[in-house]
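In: I would like the atomic coordinates for the input below:
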Amino acid sequence: MSNKQTFQDTLTRHYRELFATPAFAYAASKTTPEALAVKMTEGLADGTALHTGEGVWRTCKELGLRQSVKDISNFLAV
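Out: So this is what the prediction gives:
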């Protein structure tokens, strides 16, 4: 499995948890955790998405990455 797929799968799992909370009710009404994870992973890979959200933070923590553009980009490029 590629790092990109690992990141996306981990992010999807964290979005599922977050979408069940009231703070993410609006996002849950507009998209699915899977669709958002795909969009965010692609955006992080090409530098068009913010890296500061809760789901990305949790994913970086689980994967042992610093929550920085450089670390995320390097991880996704492998």
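In: give me the pLDDT for the residue located most distally from the centre of the chain.
Out: Here the chain has its C-alpha centre computed as a mean, and the residue farthest from that point, by C-alpha atoms, centre = their mean, is residue 22 with 18.9 Å. If you check residue 22, the pLDDT there is 96.
In: same deal with residue 58?
Out: You'll see residue 58 listed with a pLDDT of 98.
In: and it, what does it touch?
Out: Taking C-beta atoms under 8 Å, 6 or more residues apart in numbering as the definition of contact, the neighbours of residue 58 are residue 14. Where C-beta positions appear, they are placed from N, C-alpha and C, glycine not excepted.
In: if I look at it, how far off is residue 13?
Out: Separation of residue 58 from residue 13 (C-beta to C-beta, to the nearest Å) stands at 9 Å.
In: again with residue 36
Out: Distance, residue 36 to residue 13, by C-beta to C-beta: 12 Å.
In: these two: which has the busier surroundings?
Out: residue 36 (21 against 16; other C-beta atoms under 10 Å).
In: contact partners for that one?
Out: Residues in contact with residue 36, defined by C-beta under 8 Å, 6+ apart, are 15, 27, 55.
In: and the longest helix out of those in the chain, what does it pack against?
Out: With residue count as the measure and DSSP state H as the assignment, the chain has helix 3-19 as its longest helix. Helices and strands in packing contact with helix 3-19 are listed as helix 33-46, helix 54-63, helix 69-77; criterion 3 or more C-beta pairs under 8 Å, 6 or more residues apart in numbering; DSSP states H and E.
In: of the ones you listed, which is nearest residue 6?
Out: Ranking the helices and strands packed on helix 3-19 by proximity to residue 6 (C-beta to C-beta) places helix 54-63 first, at 7.1 Å.
In: just want the angle from the closest one to helix 33-46.
Out: Regarding helix 54-63 and helix 33-46, their directions subtend 70 degrees when assessed with axes from the mean of the first three to the mean of the last three C-alpha atoms, to 10 degrees.
In: in helix 54-63, what counts as buried?
Out: By 16 or more other C-beta atoms under 10 Å, the buried positions in helix 54-63 come out as 55, 56, 58, 59, 60.
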